[in-house]
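Participant: from the sequence below, what's the structure:
(2 chains)
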Amino acid sequence: MLILDLPVDSRNEERFLRGCNILYHLIFNELQLCCMRAKIPFLKICEQLQYPVETINTSISEGYKKRKNTKTPSTSKKKKTRPVRIQPSPIFNKSKTPEISDIFSGYFSEEHSKKLSDLFYKRKNPYFWYVYLIDYKFILINDLCRYIDFAK
Amino acid sequence: MPNFTILNDCLELLTLPVDNLSLHNPEHSSLIDSKEKIFEFHIVDFRRELNQNILHASGTDQKQDMITWYISELMRSLNHKPITADPILEAARISDPAPVEKPGLRKKRC
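Facilitator: Residues are numbered from 1 along each chain as shown, chains lettered A, B, ... in the order given. You can find the predicted model right below:
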């Protein structure tokens, strides 16, 4: 049993609860990513366990499910359609490889884009960015993924 | 043999009463810090442990059972702490303020 050795004020208490919340959701994100890699139906398991999925962010599993459903080949003959071309962001129109800080500076302040580009060089895993930068829409993720391809 | 040390540590934290919070304990103090620190302190090891456990499980059924067990263990902590939806989004908004609008790009109002 842990003993209270420092006075814990209400601010720390609030931050601790918030930290627990973040930890909880990060664990679930990890579980969803793991399920995605191992091809395990995460949402189906939650349904079986009657887990309240509305309390967690299930966009990873839902996105994977959607992608999986669209990839399943149908028995009927498919109509030939032109592939949709995604317009690259203007920074990728340059002839040279773009700087990663250029990408971030389009979304964040100078101070934050510097911190993020430092973090980026440490972790190039797109899922990491998916989890962390989910608030900044998919545009950034797409730009980052394209950057990884571009810089290869 | 599957190992659940990190999961148990996380569960202990999630079920810890606030009265027993110790700021000298690095695990507790990491939760008071930013989400990056929480990630580095807990999730990196959790990911490694989870991946190892999944790798050791043979066959999809065993892997599925493993994930089921993980979720059911985490369900226990739901009664201890108030879990709100999407705190990551909320936390991201708090720690990363909205990008500063450049004065040159601002649209003039008529």
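Participant: report the next helix or strand after the longest helix that chain A contains in sequence order.
Facilitator: If you go by DSSP state H, chain A has its longest helix at helix A:10-38. Counting by DSSP states H and E, the next helix or strand C-terminal to helix A:10-38 is helix A:42-49.
Participant: just after that following helix, pick out the following helix or strand.
Facilitator: Remark: after helix A:42-49, the chain's next helix or strand is helix A:59-71, criterion DSSP H and E.
Participant: quick one, what contacts B:H56?
Facilitator: Residues counted as contacts of B:H56 (CB atoms under 8 Å, 6 or more residues apart in numbering or on different chains) are B:M1, B:P2. Every residue, glycine included, has its C-beta placed from N, CA and C.
Participant: and the gap between A:K115 and B:K37?
Facilitator: For A:K115, the distance to B:K37 equals 14 Å [CB to CB, to the nearest Å].
Participant: ok, the longest helix of chain A near chain B or not?
Facilitator: Yes. Helix A:10-38 lies within reach of chain B by CB under 8 Å from any CB of the partner chain, at A:12-13, A:15-31, A:34-35, A:38.
Participant: compute the inter-axis angle for that helix and helix A:42-49.
Facilitator: Inter-element angle recorded for helix A:10-38 and helix A:42-49: 110 degrees (by axes from the mean of the first three to the mean of the last three CA atoms, to 10 degrees).
Participant: report the buried residues of helix A:10-38.
Facilitator: A:12, A:15-36, A:38 (16 or more other CB atoms under 10 Å in any protein chain shown).
Participant: and what of stretch A:49-61?
Facilitator: For stretch A:49-61, the neighbour count (16+ other CB under 10 Å) marks A:Y51, A:V53, A:T55, A:I56, A:N57, A:T58, A:I60, A:S61 as buried.
Participant: in chain B, which residue sits closest to chain A?
Facilitator: Proximity of chain B to chain A (CB to the nearest CB) peaks at B:L31, 3.1 Å away.
Participant: helices of chain B, start to end?
Facilitator: Under DSSP H, chain B gives helices at B:5-14, B:26-32, B:35-38, B:44-56, B:59-76, B:87-95.
Participant: pick out the shakiest of the ones you listed, pLDDT-wise.
Facilitator: If these are sorted by mean pLDDT, helix B:87-95 sits at the bottom with a mean of 48.
Participant: which non-adjacent residue is nearest B:K37?
Facilitator: B:S30 (5.3 Å; CB to CB, 6 or more residues apart in numbering or on different chains).
Participant: okay, now that neighbour: neighbour count?
Facilitator: B:S30 is flanked by 18 other residues according to other CB atoms under 10 Å in any protein chain shown.
Participant: contacting residues around it?
Facilitator: Contact analysis of B:S30 by CB under 8 Å, 6+ apart lists A:G19, B:K37, B:I38, B:F41, B:H42.
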